[in-house]
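A.B. asks: What would the 3D arrangement of this be:
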Amino acid sequence: MNTLKKTLALAAAIAALALSACGGGGGGSGNANNQGSNTTGWNATPDWTPRGSGSATGNSSLPATGDNTVAVHVDSMVAGINMLRVSIQVCVPGTQSMPQCVTLDNMLVDTGSTGVRIAARAIPTLAPLLLTQVGAVDDTSGAAPIVECMPFASGYTWGSVKRADITIGSKTASNLPIQVYSDGAFGTPNDCSNYGANLGDVFAGINGIIGIDNFATDSGDAVTTAIPGNYYYCVSQNACTSTRMLASKEVKNPVVAFATDNNGTIIRLPAVPAGGQASVTGQLVFGIGTQQNNVLPANPTILAVDKYGLFTTQYQGQVLTSSAIDSGTNSYAFPDDTIPTGPNDWYTPTSTLNLSATMEATDGSGKPVDMPFSIVNAMSLATSGNYALNNAGSYFSSRKHSMFLWGLPFFYGRDIYTATSSVKAGNQTGPFVAF
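C.D. replies: Now for the predicted structure:
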């Protein structure tokens, strides 16, 4: 697990948020062969053409719906720009009715992390009813509650591991290990708080995170190693011990637990104009190549990712090996000391910057892709009341880590495919990302 300190200041209305998890899932680097025909120099300007419809415009209707789709939104319901949200139902395992079920809005959709994480404040009456996860590998009693610290690029979440039935659209992941963070049940170890901001304290309007990256579980490393600042068993409020974990008891990607359409996801968002848009509605599609509405295009751009879901971005002479296409990050987040910054590390250039970077698989497979993108003064655009911005950027220090996060601005006007590790998606084998 990569360990990152706090990198982006978090404030209220227009904070820069980076939710790429500092670690990886169930392991296996996978092998995405036949990487498509796009090479360096390819014009990768966003141009979303809804499946089965006419010209591509920001106002085009969505592709055909089905039992494997659910609506996702970017709007003012969550404090902050480019926050992609979805609604879910959370139930005590084996139940499907009140008072043992709660519908939660404003769950952040995150392709940069694994698993369902819910703020305890969002489910105050339900949280005590959820089954407590026990049985950590190094717990000789087998009865101590399991608690997790999950580090992200902007901080961490700390809280109990429970089990719940999670329904997204018409799909249900039953008896799923989830994290209920900021529940106050156990004191935060220093190894965890060293990651920076407690995201449970600063998530304004977000009820939790739906992590749907390339992996089944959220820490392949913890299966073999007791990692400080990751999984713990807690015998009392202030006595938590690092532990190895059984993969079956780690916080789990809900999609892989679905009965069908469980080999990955697609996020489809329409294009937005350069000045932004007040709101956007798109689709979260479950499965890749499992139904007519989730088939890979004929010549996709495919990037194999490593066991942490990462690839390499080369930007102005910098080789940034910890790069991700991450819907939970609300900007293009990357290091460039030449661009002015404002509050919360937002880039604030005096005019539009037309930039480019090269994406490539870290293992050298496939062909590199030259990717153009634009950066504007996000602070100025945010005052217009537009919450969907395709050209917002924020600063990452390359001295602390080597990351380029292709955040939600990259998703507008594209279908972004996230394929699960070691499973077939169309003619490809995950883990990979494609567009």
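
A.B. asks: isn't there a strand covering V285?
C.D. replies: Yes. Assessed with DSSP: H, G, I helix; E, B strand; the rest coil, V285 lies in a strand.

A.B. asks: Can you tell me the closest non-neighbouring residue to it?
C.D. replies: Nearest residue to V285, sequence neighbours excluded (C-beta to C-beta, 6 or more residues apart in numbering): I266, at 4.0 Å. C-beta here means a position set from N, CA and C on the backbone, and glycine is covered the same way.

A.B. asks: Give me the pLDDT for that neighbour.
C.D. replies: In this model, I266 is scored at 97, pLDDT.

A.B. asks: what's next to the helix or strand it falls within, contact-wise?
C.D. replies: Per DSSP states H and E, I266 falls inside strand 264-269. Outside strand 264-269, the residues that touch it by C-beta atoms under 8 Å, 6 or more residues apart in numbering are 48, 62-63, 72, 74, 84, 109, 111, 212, 214, 255, 280, 282-288, 294, 327, 411-420, 423, 425, 430.

A.B. asks: what does stretch 346-357 give?
C.D. replies: Contact with stretch 346-357 is made by 14, 16, 274, 313-316, 331, 334, 336, 339-342, 370-380, 391-395, 404, as judged by C-beta under 8 Å, 6+ apart.

A.B. asks: Identify the single longest strand in this protein, thanks.
C.D. replies: For the chain, the strand with the greatest residue count under DSSP state E is strand 155-168.

A.B. asks: OK, contacts around V70?
C.D. replies: Taking C-beta under 8 Å, 6+ apart, we find V70 in contact with 86-87, 168-170, 283-284.

A.B. asks: Let me know how buried P99 is, in neighbour terms.
C.D. replies: Other residues near P99 number 10, with proximity taken as other C-beta atoms under 10 Å.

A.B. asks: give me the element it is part of.
C.D. replies: Per DSSP H and E, there is no helix or strand for P99.

A.B. asks: Same question for the one 4 residues further on.
C.D. replies: Using DSSP H and E, T103 sits in strand 101-110.

A.B. asks: tell me what that strand is packed against?
C.D. replies: In terms of contacts (3 or more C-beta pairs under 8 Å, 6 or more residues apart in numbering; DSSP states H and E), strand 101-110 is packed against strand 85-91, strand 208-212.

A.B. asks: tell me the average confidence for the longest one?
C.D. replies: What it means is strand 85-91. Average pLDDT, strand 85-91: 97.

A.B. asks: Just give me how far that strand sits from the chain centre.
C.D. replies: Centre-to-centre, strand 85-91 and its host chain are 16 Å apart (C-alpha atoms, centre = their mean, to the nearest Å).

A.B. asks: what angle separates it from strand 208-212?
C.D. replies: With axes from the mean of the first three to the mean of the last three C-alpha atoms, to 10 degrees applied, the angle from strand 85-91 to strand 208-212 works out at 100 degrees.

A.B. asks: who touches strand 85-91?
C.D. replies: Outside of strand 85-91, the residues within contact range by C-beta under 8 Å, 6+ apart are 70-75, 77-78, 100-109, 116, 118, 123, 126, 164-168, 206, 210, 284.

A.B. asks: let's go with 6 Å and repeat that
C.D. replies: Identification of contacts with strand 85-91 by C-beta atoms under 6 Å, 6 or more residues apart in numbering yields 72-73, 78, 100-107, 109, 164-168.

A.B. asks: for the shortest one, same thing?
C.D. replies: Counting contacts by C-beta under 6 Å, 6+ apart, the residues outside strand 208-212 that touch it are 107-111, 113-119, 255, 265.

A.B. asks: Go ahead and build a ChimeraX selection from the buried members of those residues.
C.D. replies: Filtering the contacts of strand 208-212 down to the buried ones (16 or more other C-beta atoms under 10 Å) takes a single ChimeraX command:
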select :107,108,109,110,111,113,114,115,116,117,118,119,255,265
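
A.B. asks: of all the contacts of strand 208-212, which two lie farthest apart?
C.D. replies: Longest distance between any two of those is 22.6 Å, between A119 and T265; criterion C-beta to C-beta.

A.B. asks: Would you map the helices across the stretch 301-435 of the chain?
C.D. replies: 378-382 (DSSP state H, counting those that start in this stretch).

A.B. asks: show me where pLDDT drops low in it?
C.D. replies: Across the stretch 301-435 of the chain, the ranges flagged by pLDDT under 70 are 398-401.

A.B. asks: Tell me how far the residue nearest the centre of the chain lies from R85.
C.D. replies: Nearest to the geometric centre of the chain sits D110, at 2.3 Å (C-alpha atoms, centre = their mean). According to C-beta to C-beta, to the nearest Å, D110 and R85 sit 11 Å apart.

A.B. asks: okay, now V223: neighbour count?
C.D. replies: Per other C-beta under 10 Å, the neighbour tally for V223 reads 16.

A.B. asks: Let me see the confidence value for it.
C.D. replies: 96.

A.B. asks: In contact with it, which residues are there?
C.D. replies: Residues in contact with V223 (C-beta under 6 Å, 6+ apart) are A247.

A.B. asks: for A79, helix, strand, or coil?
C.D. replies: coil.

A.B. asks: Hmm, it is touching G205, no?
C.D. replies: Yes. With contact defined as C-beta atoms under 6 Å, A79 counts as touching G205 (4.5 Å).

A.B. asks: re the thing from before, are any of the contacts of strand 85-91 buried, and which?
C.D. replies: Applying 16+ other C-beta under 10 Å to these, the neighbour count classes 72-73, 78, 100-102, 104, 106-107, 109, 164-168 as buried.

A.B. asks: okay, who's weakest in the residues you listed by pLDDT?
C.D. replies: V78 (85).
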